[in-house]
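Colleague: Quick one, structure for this:
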Amino acid sequence: MANIVRVLVIEDEPRSVDLFEDFLSKEGLNKFVVTKATSLAQALIELKSKKFDVILLDLVLPNGKGIEVFNKVFLESRNTPIVVTAIDEDKKTALEAVRAGAQDYLIKKNLTDQLLRRSLRYAIERKRLEICRLEKELRLKRIVSSTKAAIYEIDFTTGRFTYVNDVMCEETGYSKDELLSMTAVQILTKHGLETWKKRLNDIMEGKEMTPSAEFEIIKKDGSFAWVIITAEYIRDENNKPIGANVIAIDITDKKKNEADLKKYHERLALALQATSDGIWDWDDGDCYYSPRWETLLGYSPGTVENTLEGFLNLLHPDDVPIMKKNIEGYMLGRKPVRNDYKAEFRMLCKDGKYKWILSKGKVVERNEDGLPKRIIGTHTDIDARKRVELEMNAELEKHLDTWSEELKEFKQQQAEKIDTALEGFCDQHKRYGICKYEQ
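Modeller: The predicted structure follows:
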């Protein structure tokens with residue numbers, strides 16, 4: 001079934017109207033339904049009351065002529081495509097109408113049915129594409145105006161801004177007129193300028209570029225800011241970059257936080273260098289052991305496997321069962337879920353000897369069940385203290401054994417003395433009578 005195309009023919013010459021109707025009545029891809037208007041006034045009434053797919057307009061009417069006729073119809077047409085018809089003498093005016101918004105023009109003496117039908121179909125399609133393009137541009141403008149990112153266009157040949165949005169002005173402190181009279185290098189710091197020159201040179205040489213880059217800029221008030229930019233390059237017919245559309249996002253706070261974090265890590269590194277403790281970090285199954293954690297046992301940094309097994313493999317065999325039980329109980333909640341962790345155990349050193357280690361940890365993150373998810377702690381060498389402690393305990397046990405033997409001998413001696421004294425007491429009483437102890 002052919003598509004119906006509603007055509008408004010605005011023409012006052014009867015022969016032309018008949019010709020148009022005849023051409024449009026022929027069978028084809030479309031079925032053209034024609035509405036006639038013989039004057040500009042009638043045409044405007046039809047446009048207000050009905051909807052048409054395309055308009056066929058003669059530029060010479062009883063109550064209007066030339067581009068003035070076109071402008072009035074164009075304003076009332078509600079995005080309906082217009083094809084103008086003219087005689088040879090009016091060709092100049094017809095071209096002017098095309099520049100003003102008409103989709104096409106036709107010279108009457110050259111007109112054929114195929115040419116007319118094709119021209120109307122193409123006019124409808126071109127208008128549809130034009131409306132789509134305008135809608136996309138409008139949406140893009142709304143996005144650009146509502147976005148919180150600075151957006152600008154730059155010409156590589158001059159280095160000047162050719163477009164800036166309001167956010168760009170807010171971020172830099174310059175007005176649009178000021179920015180459009182400036183080059184990009186005028187808002188860059190020395191460091192930013194060096195980065196920009198190198199990047200532009202790489203772009204021109206066709207090198208593969210990262211999609212984004214960071215630049216330090218100078219605002220109008222003299223303060224500094226950091227931005228991260230993402231660019232889409234504009235190229236000429238030879239595919240050479242001649243400009244770019246750029247989105248820039250202020251990352252000043254992020255850079256400040258990075259700088260503060262860097263200082264913190266530097267201070268932490270210095271603090272760790274000043275201590276003899278090793279650092280360990282268990283994060284939901286992932287493990288980290290600091291270089292000092294390894295050198296504490298005589299190993300080179302990176303030697304020990306960064307896993308729980310890497311730690312357990314270095315434990316003294318006698319300490320493995322109790323440590324496994326402690327770790328599982330702590331991590332699985334089989335023990336009271338405390339924030340602090342503390343244990344002493346022996347670990348194998350590179351020289352084959354075992355060293356006593358004091359491990360202290362603190363829960364810094366828990367999962368949704370309240371169980372430890374991440375624990376950070378330290379390893380302290382307590383081998384010397386522990387060995388002295390063990391020697392003292394052994395010495396104490398030795399003395400306790402000696403004291404126990406001496407006490408036993410003392411008790412035995414005391415018992416013998418008591419028995420001797422009792423026997424003497426009984427002998428003395430026998431002389432005077434029966435001893436009551438013998439009764």
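
Colleague: Any idea how many residues pack against the residue lying closest to Gln103 once chain neighbours are set aside?
Modeller: In space, Gln103 comes closest to Ala123 once its chain neighbours are excluded; the distance is 3.7 Å by Cβ to Cβ, 6 or more residues apart in numbering. Every residue, glycine included, has its C-beta placed from N, CA and C. Neighbours of Ala123 under the rule other Cβ atoms under 10 Å: 21.

Colleague: The one 10 residues further on now?
Modeller: Using other Cβ under 10 Å, Arg133 is surrounded by 10 other residues.

Colleague: State the helix or strand in which it lies.
Modeller: Under the assignment given by DSSP states H and E, the secondary-structure element containing Arg133 is helix 113-146.

Colleague: Kindly provide the whole-number mean pLDDT of that helix.
Modeller: Summarised as a single mean, pLDDT over helix 113-146 is 84.

Colleague: check contacts around the residue nearest to Gln103.
Modeller: With contacts taken as Cβ atoms under 8 Å, 6 or more residues apart in numbering, Ala123 has the following neighbours: 54, 81-83, 103-104.

Colleague: ok, 7 Å please
Modeller: Under the criterion of Cβ atoms under 7 Å, 6 or more residues apart in numbering, the contact partners of Ala123 comprise 54, 81, 83, 103-104.

Colleague: just checking, which of those belong to strands?
Modeller: When those are checked against strands (DSSP state E), the matches are 54, 83, 104.

Colleague: What is the distance between stretch 318-330 and the centre of its chain?
Modeller: Distance of stretch 318-330 from its chain centroid, counting by Cα atoms, centre = their mean, to the nearest Å, is 41 Å.

Colleague: Tell me which residues of it come out buried.
Modeller: 319, 323, 326-327, 330 (16 or more other Cβ atoms under 10 Å).

Colleague: so which of the residues you listed comes closest to Lys256?
Modeller: For Lys256, the closest of those turns out to be Tyr330, at 38.0 Å, with distances computed as Cβ to Cβ.

Colleague: Which element is encountered next along the chain beyond the helix or strand harbouring the closest one?
Modeller: Tyr330 is located in helix 320-331, with elements delineated by DSSP H and E. Elements were assigned by DSSP H and E; along the chain past helix 320-331, the next helix or strand is strand 340-348.

Colleague: Please name every helix or strand in contact with the helix or strand that that following strand is followed by.
Modeller: The helix or strand immediately downstream of strand 340-348 is strand 354-366, counting by DSSP H and E. Strand 354-366 makes packing contacts with strand 340-348, strand 372-381, helix 383-430 when contacts are defined by 3 or more Cβ pairs under 7 Å, 6 or more residues apart in numbering; DSSP states H and E.

Colleague: and the first one, C-alpha only, in CSV?
Modeller: Backbone C-alpha positions of strand 340-348 (Å, rounded to 0.1, in the frame of the first residue of the first chain) are rendered in CSV as follows:
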residue,chain,number,x,y,z
ASP,A,340,42.7,-5.6,69.2
TYR,A,341,44.7,-8.7,68.4
LYS,A,342,47.9,-9.9,70.2
ALA,A,343,50.0,-13.1,70.0
GLU,A,344,53.5,-14.4,70.5
PHE,A,345,55.0,-17.1,68.4
ARG,A,346,58.3,-18.3,66.8
MET,A,347,59.1,-17.7,63.1
LEU,A,348,61.8,-19.3,60.9
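
Colleague: Figure out how far it is from the centre of its chain.
Modeller: The chain centroid and the centroid of strand 340-348 are separated by 40 Å, computed with Cα atoms, centre = their mean.

Colleague: What are the buried residues along that strand?
Modeller: 341, 343, 345-348.

Colleague: now those residues as a markdown table including distance to Glu76 and pLDDT?
Modeller: Supplementary listing: the buried residues of strand 340-348 in a markdown table, determined by distance: Cβ to Cβ, whole Å; pLDDT from 0 to 100:
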| residue | distance to Glu76 | pLDDT |
| --- | --- | --- |
| Tyr341 | 82 | 80 |
| Ala343 | 89 | 90 |
| Phe345 | 92 | 94 |
| Arg346 | 96 | 95 |
| Met347 | 91 | 96 |
| Leu348 | 94 | 96 |
